[in-house]
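> Just the structure for this:
(one chain, ligands or ions: 2)
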Amino acid sequence: MSRPSQRLSTQLRRKPTRYEPLSRIAVGGMAEVWKARAHTGPATNYEVAIKRVLPNMGDERFMDMFEDEARLGMLLNHPNIVRVYDARHLGGTSIMVMELVDGASLKDILVPAQRSGRPFPTACALHITRELLQALEYVHDLRSNEGQPLGIIHRDVSPHNLLLSREGEVKLTDFGLADSATNQHGEEGMVGGKVAYLAPEVVRAQANDHRIDLFATGIMLWEMLAGKSLFQEKNDALTIQAVARCEIPSIEALNDRVPKGLDQILARLLAKDPGDRYRSAKAALSDFRAFLAGFDGGVGPRDVSLVVGLHLAQKKKKAKPDPIAKVAEMGVAELLANELDELVKGTGGSRPLDPREFRF
Ligand SMILES: Nc1ncnc2c1ncn2[C@@H]1O[C@H](COP(=O)(O)OP(=O)(O)O)[C@@H](O)[C@H]1O
Ligand SMILES: [Mg+2]
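Numbering: from 1, shown residues only. Ligands and ions are numbered 1, 2, ... in the order given. Coordinates of the predicted model:
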């Protein structure tokens, strides 16, 4: 007879027999994300997130990139990165099964805060930044089993791609634009990502490396504490000019609750010249941890959990049955105008998922 612990581990390793879609979390230009239940057996079901390329949307190149994203995602195993469990072609498109982060993206919380001009509680902003730096330290330093550096650069570090759970966990996701030695498609150093989170060397089309992810981290920290965006202008052309100028107003002058010393850290994350920036996420993290040691009361998941809980409660109160409001509710980051139209009409690429397509 096997020992109970062995029986339990066999059960936990069991593959799901079915995924049951529950609700759509978000829909973007090319893909949508669903909350689903993975059925593995009685009393061992759990919830997952499933990202799916919209049918008829993904051209061959996008499907190839999605495959790269899934391959890389399955390799990453860190508490500050969304786990990817599985990926496959299904129903004429591709899906990726991930750990569900039950909460909100940083963008979902940052945008309303900016609208009302309210900065984040300082402890919350600092905790989020430390966790993000931990994720970056892990990915930037990751090596293959043979010990070869994988050269991973996320390239799309932005509030949309940082997920916050009700418990206060902070997890980086969406390696869809990442550089990695594991990629089999796409060009290295491709310019993508959200314009307002690009680094000056990227908009100037100069050589760039992992330090672009540190720059984006700096923008997010600055924005959480300022209650406004750093480079976002009326249109992409003006935003790009603002990124290239790279003028960083003092956060200590803008927000009197910000502890002394943060301007200095921000200056090294947001240096215009990458040569003046922290040379690695590891170096930034070490400096940041030393800074946090002097922060009164310390920071932790509770600081994030409170903000996420408040956001979700407010969202529930505001929920309206209007389809446009529903889109906003789903946390859709950047819907293209015609897709928005399609969604309101209830036609086109946003066709609801057929649950039968999910059985495998
Ligand atoms: N694992 C997850 N758990 C919960 N929500 C998720 C998860 N993955 C993505 N989302 C939600 O879906 C949105 C889009 O996902 P993302 O992977 O960034 O796709 P895209 O490539 O379209 O940007 C995220 O901003 C987040 O709101
Ligand atoms: Mg994204």
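> contacting residues around residue 184?
By C-beta atoms under 8 Å, 6 or more residues apart in numbering, residue 184 lies in contact with 64, 67-68, 71. Glycine gets a C-beta too; all of them are placed from N, C-alpha and C.
> touching ligand 1 at all, the longest helix anywhere in the chain?
Longest helix in the chain, counting residues (DSSP state H): helix 122-141. No - shown here: helix 122-141 not in contact with ligand 1 (C-beta under 6 Å from any ligand atom), separated by at least 13.9 Å.
> Dump the helix or strand following that helix to CSV, restricted to CA.
Once the chain leaves helix 122-141, the next helix or strand it forms, by DSSP states H and E, is strand 162-165. What follows is strand 162-165 as a C-alpha-only set of coordinates in CSV (Å, rounded to 0.1, in the frame of the first residue of the first chain):
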residue,chain,number,x,y,z
LEU,A,162,1.7,43.5,-13.9
LEU,A,163,-1.0,41.6,-12.1
LEU,A,164,-2.0,42.2,-8.4
SER,A,165,-3.9,39.6,-6.5
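> Does anything pack onto the helix or strand just after strand 162-165? Which helices or strands?
Using DSSP H and E, the helix or strand that follows strand 162-165 towards the C-terminus is strand 170-172. Judged by 3 or more C-beta pairs under 8 Å, 6 or more residues apart in numbering; DSSP states H and E, strand 170-172 is in contact with helix 122-141, strand 162-165.
> neighbouring contacts of strand 170-172?
Strand 170-172 has contacts (C-beta under 8 Å, 6+ apart) with 79-82, 99, 101, 127-128, 131-132, 135-136, 139, 154, 157, 161-165, 304.
> for stretch 287-305, same thing?
Outside stretch 287-305, the residues that touch it by C-beta under 8 Å, 6+ apart are 121, 123-124, 126-130, 133, 164-170, 259, 261-262, 265, 268, 278.
> Enumerate the residues of the stretch 51-200 of the chain near ligand 2.
160-161, 174 (C-beta under 5 Å from the ion).
> Among these, name the buried ones.
160-161, 174 (16 or more other C-beta atoms under 10 Å).
> Go through those and name the one nearest ligand 1.
Checking those against ligand 1 by C-beta to the nearest ligand atom gives residue 174 as the nearest, at 3.4 Å.
> hang on, the closest one packs against residue 157?
No - assessed by C-beta atoms under 8 Å, residue 174 is found out of contact with residue 157, at 9.4 Å.
> in the stretch 1-150 of the chain, what residue is nearest ligand 2?
Across the stretch 1-150 of the chain, no residue is closer to ligand 2 than residue 28, which sits at 7.0 Å (C-beta to the ion).
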